[in-house]
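Student: quick check, what structure comes out for this input:
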Amino acid sequence: MAPVSAPRRAARERATRETRVAVSLDLDPVQPAVAISTGIGFFVHMLDSFARHSGISLSVEAEGDLHVDPHHTMEDVGLTIGDCLAEAFGDFAGVRRFGAAHIPLDEALSRVVVDLCGRPFLAWRVAFPASRVGEAPTELFEDFFRALTDRARITVHVDGLTGRNSHHIAETVFKAFARAFAEAKTVVGAEVPSTKGTLSV
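Tutor: Residues are numbered from 1 along each chain as shown. This is a model prediction of the structure:
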């Protein structure tokens with residue numbers, strides 16, 4: 001089977017009364033490039049970590065009502081990245097489909113399992129000792145991933161297995177997602193990886 005040859009990239013913009021978000025990504029860059037701006041320092045750090053450890057190119061420019069709180073910005077970034085992923089993957093033809101990773105950082109350890117399956121589902125089992133890391137409320141990481149998985153039409157299981165430091169826990173989650181995603185997105189053929197012959201809902 002010949003590998004998928006169509007460029008797997010996308011760009012989307014989202015504008016509401018609460019946020020303005022522009023995202024572009026390339027799943028198979030020759031030279032990965034990352035540029036993230038959201039006004040939420042730790043969230044920028046996490047998105048940068050995801051992009052670099054998954055090997056994709058990612059540009060995110062987001063402005064939101066941070067005077068209210070970071071919720072709208074983080075959720076809308078997740079929605080827009082998810083829309084881009086759905087466009088870039090199309091019918092998911094040729095992908096490995098499944099990916100899994102365990103990632104440690106000092107005392108913290110997280111596991112993420114990804115299925116590029118056309119079915120949006122997030123299982124989130126992560127406990128953060130602190131309510132915030134920098135400007136980012138830790139409860140919003142689940143909202144970000146839920147928005148992304150819903151729009152990307154993928155299944156993701158996230159387990160924070162151990163950890164004391166909320167910064168470390170969040171970082172292991174994003175890095176584990178990156179590595180599991182990198183494995184799942186790998187092109188291994190041309191067919192849709194399903195016994196049904198389709199991954200559409």
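Student: neighbours around the residue lying closest to Asp65 once chain neighbours are set aside, how many?
Tutor: Spatially, and ignoring its direct neighbours in sequence, Asp65 is nearest to Glu18 (5.1 Å; C-beta to C-beta, 6 or more residues apart in numbering). To be clear about C-beta, it is placed using only N, CA and C from the backbone, and glycine gets the same treatment. Counted with other C-beta atoms under 10 Å, residues neighbouring Glu18 total 14.
Student: pull out the buried positions in stretch 29-42.
Tutor: Pro29, Val34, Ile36, Thr38, Ile40, Phe42 (16 or more other C-beta atoms under 10 Å).
Student: in a helix, the last one, correct?
Tutor: Just to be clear, that refers to Phe42. Yes: secondary structure of Phe42, determined by DSSP: H, G, I helix; E, B strand; the rest coil: located in a helix.
Student: any idea how far it lies from Ser49?
Tutor: 10 Å (C-beta to C-beta, to the nearest Å).
Student: how about a markdown table for the buried residues of stretch 29-42, with distance to Lys175 and pLDDT added?
Tutor: Formatted as a markdown table, those follow (distance: C-beta to C-beta, whole Å; pLDDT from 0 to 100):
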| residue | distance to Lys175 | pLDDT |
| --- | --- | --- |
| Pro29 | 19 | 96 |
| Val34 | 14 | 98 |
| Ile36 | 15 | 98 |
| Thr38 | 18 | 98 |
| Ile40 | 18 | 98 |
| Phe42 | 14 | 98 |
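Student: cheers, nothing more for now.
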